[in-house]
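Novice: the sequence and its predicted three-dimensional model are supplied below.
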Amino acid sequence: MKDIHIKNDSGLLALALRLVVGWTYFSAFWRRVALENKLDPEGAGYIGEKFNAFLPNALGIKPMIQYLVENPDMLWINMVIFTIVEGLVGLLIMFGLFTRMMSIGVFGLAMGILLGSGWIGTTCLDEWQIGILGIATGFVLFLTGSGKYSLDNYLIKTNVSITKKKWFAWLGSGVIPIKDSIFPSVVLIGSIFILGMTLMTNQVFHGGVWGTLHNKSVKPKLEITEGKIENSTLSFDVYRTEGVDVYGSWVIAIELVDKNNKSVLKYAQEDLAQLNKKSIDNYYVAKIKPGTHSLVVPLGAKAKLHLESDNLTHLNKGSYTLRLTDISGAFWEHDIVKP
């Protein structure tokens, strides 16, 4: 009977799942703190800039992300807390200590990844897969707890007093205190909810259930708004909302043309590479800035540009078109009326 009990220990059967998902989250902490310092706001690879890349197409949590990227101090505090939570959740899941409470942490972290960055992924819908599989894993580990090879099991076997408390079965391991008559329904309802979340986000982010498939991570897209011509200054907002998250968009030309498509102002590649940083007012922690050969626009970055030219001083009233051209040949336009 002892062998049969061990073979049917669901927590033991989930050991590989527990170890792998635990390392997945703990490794995030390890990478940012031990291998590199990705919590330095001034350093390359700052995690806050990665978080900023989630903003354009986040689902449901966009206002929270926007608030944080507009307030760098609060963003840094939250990135530190987030990193510590990931490290603790991952480590305790691997060791099997307070497994059910940590599984809720896995579920919550995965939900944040899914809603924030589920739209990102150039080839395999990377972030969506990580998020949705993390949610399913968290649910399964909550149901199973941890088995033979876990600290929860050690505490139970050695009769530590906290394991006698009613709350330990809910937060640790052991027989989950749900009536046998309703347990299958709990599993079914939870599973259907997670499947529904899977299908819904797959459709919203990628059109993966019906209609036309789309991937917002393949090509850069810039949104141009708030265009104005006042005296000798052309000002406008530019916001990068799509494209590869680890790769910038390189703007090699900014041009203003009249209704006859005649150029009245043009900043060429060399001009943009040497653009005065005072001409760029960034809104978020991910910053638009001059690069070696162009104007670099990271994913999620938004800024107001102020371009000066004497050609604008005596410009006739009427309609004009502002055009931004990427090094790939793609371009985006915005209509401006000079009063």
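Specialist: Yep, that arrived. Note that the coordinates shown come from a computational prediction; the quantities given were computed from them, not determined experimentally.
Novice: C-alpha only now, for contacts and for neighbours.
Specialist: OK.
Novice: buried residues in stretch 278-294?
Specialist: The neighbour-count check on stretch 278-294 (16 or more other C-alpha atoms under 10 Å) flags 280-291, 293-294 as buried.
Novice: contacts for stretch 31-50 next, please.
Specialist: For stretch 31-50, contacts defined as C-alpha atoms under 8 Å, 6 or more residues apart in numbering pick out 69, 75-76, 79-80, 83, 245, 285-286.
Novice: re earlier: quick one: the buried residues of stretch 278-294 as CSV, columns for secondary structure, distance to residue 310 and pLDDT too.
Specialist: Listed next are the buried residues of stretch 278-294 as CSV, based on DSSP: H, G, I helix; E, B strand; the rest coil; distance: C-alpha to C-alpha, whole Å; pLDDT from 0 to 100:
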residue, secondary structure, distance to residue 310, pLDDT
280, strand, 19, 97
281, strand, 21, 97
282, strand, 25, 97
283, coil, 27, 97
284, coil, 30, 97
285, coil, 32, 96
286, coil, 31, 95
287, coil, 27, 95
288, coil, 24, 96
289, strand, 23, 95
290, strand, 22, 95
291, coil, 25, 93
293, coil, 24, 91
294, coil, 23, 95
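Novice: ok, those vs residue 98, which is closest?
Specialist: Proximity of the buried residues of stretch 278-294 to residue 98 (C-alpha to C-alpha) peaks at residue 285, which lies at 36.3 Å.
Novice: I figured that closest one was touching residue 72, is that so?
Specialist: Yes: here residue 285 reaches residue 72: they are 6.6 Å apart, a contact under C-alpha atoms under 8 Å.
Novice: lowest pLDDT pick from the contacts of stretch 31-50?
Specialist: Lowest pLDDT of the contacts of stretch 31-50: residue 245, 89.
Novice: could you find the closest non-adjacent residue to that one?
Specialist: residue 299 (5.6 Å; C-alpha to C-alpha, 6 or more residues apart in numbering).
Novice: burial of the one you found, as a residue count?
Specialist: 31 (other C-alpha atoms under 10 Å).
Novice: what helix or strand is it on?
Specialist: Per DSSP states H and E: residue 299 is located in neither a helix nor a strand.
Novice: tell me the domain ranges of the chain?
Specialist: 2-206, 221-338 (automatic domain parsing).
Novice: below-threshold pLDDT in the stretch 101-250 of the chain: ranges please.
Specialist: Judged against pLDDT under 70, the stretch 101-250 of the chain has no low-scoring part.
Novice: one step back: relative to residue 215, which of the domains of the chain is closest?
Specialist: Using C-alpha to C-alpha, those put domain 2-206 closest to residue 215, at 5.8 Å.
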